[in-house]
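> The following comprises the amino acid sequence and a computationally predicted model.
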Amino acid sequence: MRLFNKVLGLLTLQALFCLASASEKNHKYGDNEAVVLWVNKVGPYNNPQETYNYYYLPFCKPFPDKKAEHSWGGLGEVLQGNELINSQLEINFKVPLNKKVICSQTLSTEHVSTFEQAVQRQYWYELFLDDLPIWGFVGEAKKDKNGQEAIYIYTHKAFDISYNKDKIIQVNLTSDDPVLLEDGAKLTFTYSVTWYPTSVPFARRFERYLDYSFFEHKIHWFSIFNSFMMVMFLTGLVAIILMRTLRKDYARYAKSDDDMESLERDLNEESGWKLVHGDVFRPPRNLVLLAACVGTGMQLALLSLAVILLTIAGNYFEERGTILTAFIVCYALTSFWGGYTSGGFYARNDGKHWIRAMLLTACLFPGVCFAIAFSLNTIAIFYHSLAAVPFGYIMAVILLWSFISFPLCLIGTVIGRNWNSVPNNPCRVKRIPSPIPDRAWYLHPWSICLAGGLLPFGSIFIEMYFIFTSFWGYKVYYVYGFMLLVVLILMIVTASVTIVGTYFLLNAENYHWQWTSFGMSSSTALYVFLYSIHYFLFKTKMSGLFQTCFYFGYMSMFCIGLSLMCGAVGYLGAAAFVRTIYRNGSVTELRVTPTRVAAVFGSSNSGFAFAFQAATSGSTSHQQHAGTRSEFGSAAPRDKKRVEISGLAAPAGAACVCEQVAACNRQTRHRAPLAAVNQCCHVLIAYRCDLHDGTVAGACIHICMRVLLWVRGYEARPCSMELAKGSV
C-alpha cells in the first residue's frame, strides 16, 4: 500500500509539473555551453500514428558502445508515442561547426532493402533541440538517365540556429548530399551548425510552427458566423414555442367557466402534450444506464471547457503531450461532478440500486476507452511501434483512476443522492402507463433522434475539418478561442434542437422522452463519425492495417465521448423544458365545474347534481374543480347506489365506475387504436384517470357527462360496449 501511495504521489506531482506553463529548464545557455539534440521517431508521412524508434532504420551511431541516454517526458508525451534519445552530436551554444563526420557504415543487402522501403513510403524523422521540433525526410526517389526509379538517402544535416541573447529562437534543418542506395555502398553521415542572431523575442519563437493562413482563413470566420446565426434561429424557435404555442395551449384550457363551446371542444378534440401529464415524469427504462450516461456526459462537458480554458491560458499546445496530460488529470478531478450528476438523477427517479449506477458512471467512458486502447496497443506491440504504451505508464493511468477518479465519483454520488435527490415534479405519476398512439413515421423516436443531430453537426462541421487536419495532418492547432466558441455554440444548438424535438414527441402523446432526448442530441456523434469516414477516404492518403485501426479507434473514442457530452446537454435541456411547461400548465388543465355543467345541462338537473356531488364529496374545494387527477383528493363513496338520469343509470360509487372503465381501457389498449375509439372511451383514456389509488371521482364525472351529452342529442356516443339501462 505504501508503494502505491508513493507511486500515486509521484504521478500527481509529475502531472502538476507538466501542467505548468514553463518547462523545468529555463532555456538559457551560456557561451560555448553544450546543447543537446534529441532524436525522436521515424515513420511514413501519410500514416501519422505509425511511428518507430529513430534507430528502427539502420542509421549508424557516433558512439555505438555508449549506452543511449533517454529523456522520459510526462504521461501525455509517452501516450503520444514519443521516445527521445540523445543523438550524441556535439553542438555548443554560439559555436559554428563546419561539416563534421557523425559516423560511417557499409550497407548490406538488408540495410538497402530497409532504406529503400522507407524512402518509397516517404519516411520522415523528428528531432528536438531545446524543445523545438525539427523534421526532415530520410531520402528521395529520382529518375535516372534510363527513366528508372533510383533511391537516394540524405547523408548531411545542416542546422541553422537563430538565437536572441542567451536563448534559442529558431532551428532550421536542411538535408543534403543524397547518395544512391546500392548493396555494398559506403555512407558517411555528416552535420554542420551555423548560428545567427535574431531580434525575435523568446515568447514568439513558436509562431513559425503556426499556419495562420490556414486556421484564420475567411471560411473559418464564416463558419463561426454561420453557427452563430443558427443559434439565433434555434433559440428564436424555442422562444416561439414557449411564448406563442404554449401560451395558446394554456389559453385554450383557461376559458371562462360558462363557455359551452369550449367545453364541447375540450371533450371531443383533446390531444397533445397535455394528455400525458400523468406519465411524462415516469422513470425511464434502463435507469442505471441513463444515469451513468448523463453523469459521464456532464463530466465530459465540464472537462472539455476546463481543458480548453487551461490551454488558452497556458499555451499548452507548445509543449509535448501537455494537453493530453491535462485531459487525463482534469478527467480524474471532474469525476466528482459526474458522480454528483448521476447520483442525483438516479435518486430523483426513485432508483434503488445506486451502487450500480455509481460503478457504471465511474467505469463507462474509461472502460470503453481502455478496451479500445488495449486493442490498439496490442497492434502497436505487434508492429514494434512507438505507439505501444509501456506497461509502467498503463499502470500509472490505472492508479490515477483507482485512487483519484473512482473515489471522487463515489463521493459525488453520495452527495448527489443526499443533496440533489428531491424530484419536485409538477405532476404526479399514474400507476398504470397510458397507451401510446400510433403516429406517422417521422414522429417515431428513431426518426426524431436521427434528425436531431443534423443541425448540431452543421454548427461544428467546418471546425471538425480544421481539427481533423491538425490531428492527422501535422499542423499545430492553436485557435482554442475558436474551439471554445464552437463548443458553446454546439451546446446551445444541441439543447435547442432537443427541446423542439421533445415538444414534437410529447405532442404525439409519446411520453418516453428521456431516452429520445438523449438520443436526439447524441446522434451528432453519428454524423461526425460518418464525416470521419469521408475524411479518411477522400482527404488523407492513409494506408495499411496499423494506421486504419488507429484512425478509427481514435475516432471511435472521440465520437463516444462526444455522444455522451451532447446527449447529457440535450437531456438536461429537455428536462428543464418539460418541467417548465408542466409546471406552468398544471393549473390550467381542463376543468369540469358546476358552472360549466349548468351551462350545458341546466342547473335543475338533480340527477347529475347528485352524481357530481357524490363524486366530489369529501372536500369543499373539490366541488369547484374536477376532471384532473391533481384536483381530486378523497375517493367517491364506495356504495353501489345508482340514480336515474334521463332514463339511464350513472354510477355514483367508485366500485361501479372501476369495472366499466377498466373494461373500456382494456378494449382501447388491446383491440383498437386510440384514433378509432369512440368518444366516451377517448375521454377516459385522454384524461388518464387513475383507478387504482382511490381517486376515481374524475372518471365518474366524465362518465356522467358523456351519458348526459348523448341523451341530450350531442354527437357524443357512449362506449362501444352496450349502455344498457341500469349500467354504464
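Great, that's in hand.
> what about the strands in the chain?
Taking DSSP state E as the criterion, the chain contains strands spanning 37-44, 52-53, 70-71, 84-86, 97-106, 123-129, 132-137, 139-143, 149-164, 167-180, 186-197, 642-645, 648-651.
> Which positions in stretch 293-312 come out as buried?
293-308, 310-312 (16 or more other CB atoms under 10 Å). C-betas here are computed from N, CA, C, even on glycine.
> Filter the residues you listed down to just the ones in helices.
Residues of those located in helices (DSSP state H): 293-308, 310-312.
> quick one on the thing from earlier: with mean pLDDT added, can I get the strands of the chain in CSV?
Formatted as CSV, the strands of the chain follow (pLDDT from 0 to 100):
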stretch, mean pLDDT
strand 37-44, 95
strand 52-53, 95
strand 70-71, 86
strand 84-86, 94
strand 97-106, 93
strand 123-129, 95
strand 132-137, 94
strand 139-143, 90
strand 149-164, 94
strand 167-180, 94
strand 186-197, 95
strand 642-645, 32
strand 648-651, 34
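> Make a markdown table out of those strands and add distance to C559 and mean neighbour count.
Converted to a markdown table, the strands of the chain look like this (distance: least, CB to CB, whole Å; neighbours: other CB atoms under 10 Å):
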| stretch | distance to C559 | mean neighbour count |
| --- | --- | --- |
| strand 37-44 | 25 | 22 |
| strand 52-53 | 28 | 18 |
| strand 70-71 | 34 | 12 |
| strand 84-86 | 32 | 18 |
| strand 97-106 | 45 | 13 |
| strand 123-129 | 28 | 20 |
| strand 132-137 | 29 | 15 |
| strand 139-143 | 38 | 14 |
| strand 149-164 | 40 | 18 |
| strand 167-180 | 37 | 17 |
| strand 186-197 | 44 | 16 |
| strand 642-645 | 64 | 16 |
| strand 648-651 | 58 | 23 |
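> Now do the contacts for the residue nearest to the spatial centre of the chain.
The chain has M565 as the residue nearest its centroid, 2.3 Å off, counting by CA atoms, centre = their mean. Neighbouring residues of M565 by CB atoms under 8 Å, 6 or more residues apart in numbering: G297, M298, L300, A301, S304.
> Next, the contact list for the nearest residue to it once chain neighbours are set aside, please.
Taking CB to CB, 6 or more residues apart in numbering as the measure, M565 lies nearest to L300, with 4.3 Å between them; neighbours along the chain are not counted. By CB under 8 Å, 6+ apart, the contact set of L300 is F365, G561, L564, M565, A568.
> Point out where this protein drops to low pLDDT.
1-25, 245-246, 248-271, 584-728 (pLDDT under 70).
> sorry, back to before: mind checking the strands of the chain for the one nearest to T114?
Among the strands of the chain, the nearest to T114 by CB to CB is strand 123-129 (9.9 Å).
> what angle do that closest one and strand 139-143 make?
140 degrees (axes from the mean of the first three to the mean of the last three CA atoms, to 10 degrees).
> What helices and strands are in contact with strand 123-129?
Contacts defined by 3 or more CB pairs under 8 Å, 6 or more residues apart in numbering; DSSP states H and E place strand 123-129 against strand 37-44, strand 132-137, strand 167-180.
> Pull up the pairing partners for it, direction included.
strand 37-44 (antiparallel), strand 132-137 (antiparallel) (DSSP bridges).
> Please produce TSV containing those, extended by distance to H384.
Formatted as TSV, the strands paired with strand 123-129 follow (distance: least, CB to CB, whole Å):
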stretch	distance to H384
strand 37-44	12
strand 132-137	22
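> Out of these, which gets nearest to S522?
Short answer: strand 37-44, nearest of the strands paired with strand 123-129 by CB to CB, at 34.5 Å.
> Only C-alpha atoms, please: export the closest one in CSV.
Presented in CSV, the C-alpha positions along strand 37-44 are these (Å, rounded to 0.1, in the frame of the first residue of the first chain):
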residue,chain,number,x,y,z
LEU,A,37,20.0,17.3,-29.9
TRP,A,38,17.4,14.6,-29.3
VAL,A,39,16.3,12.1,-31.9
ASN,A,40,12.7,11.0,-31.5
LYS,A,41,10.9,8.9,-34.1
VAL,A,42,10.6,8.0,-37.8
GLY,A,43,7.6,6.8,-39.8
PRO,A,44,5.7,7.1,-43.1
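> So which residues make contact with that strand?
By CB under 8 Å, 6+ apart, strand 37-44 touches 50-57, 71, 81-87, 89, 91, 118, 121-129, 138, 159, 386.
> re earlier: from L210, how far off is the residue nearest to M565?
28 Å (CB to CB, to the nearest Å).
> P133 too?
Taking CB to CB, one finds P133 at 13 Å from L210.
> same check, this time on N377
Taking CB to CB, one finds N377 at 32 Å from L210.
> cool, and A34?
29 Å.
> Identify the residues contacting stretch 135-150?
With CB under 8 Å, 6+ apart as the contact definition, stretch 135-150 has outside contacts at 42, 45, 57, 115, 118-120, 122-127, 151-154, 157, 173, 175, 178, 180-181, 474.
> Enumerate every residue touching A508.
A508 neighbours (CB under 8 Å, 6+ apart): P437, R439, L443.
> let's see 7 Å
Residues in contact with A508, defined by CB atoms under 7 Å, 6 or more residues apart in numbering, are R439, L443.
> Next: W354.
The neighbourhood of W354, defined by CB under 7 Å, 6+ apart, consists of G343, Y346, A347, T413, R417.
> Excluding covalently adjacent residues, which one is nearest to R439?
In space, R439 is closest to A508, 4.6 Å off (CB to CB, 6+ apart).
> try K28
In space, K28 is closest to D166, 4.8 Å off (CB to CB, 6+ apart).
> tally of neighbours for I411?
Number of residues near I411 (other CB atoms under 10 Å) recorded here: 15.
> and the closest residue to it other than its chain neighbours, what is it in contact with?
The spatial neighbour of I411 that comes closest, neighbours along the chain excluded (CB to CB, 6+ apart), is F336 at 6.2 Å. By CB under 7 Å, 6+ apart, the residues touching F336 are L408, C409, I411, G412.
> mind redoing it with 10 Å?
By CB atoms under 10 Å, 6 or more residues apart in numbering, F336 lies in contact with Q299, L302, S405, P407, L408, C409, L410, I411, G412, T413, I415, G416.
> The residue nearest to L410 when sequence neighbours are not counted: what's it in contact with?
Nearest non-adjacent residue to L410, counting by CB to CB, 6+ apart: M358, 6.0 Å away. Neighbouring residues of M358 by CB under 10 Å, 6+ apart: 288, 291-292, 295, 338-339, 342-343, 346, 406, 409-410, 412-414, 416-417.
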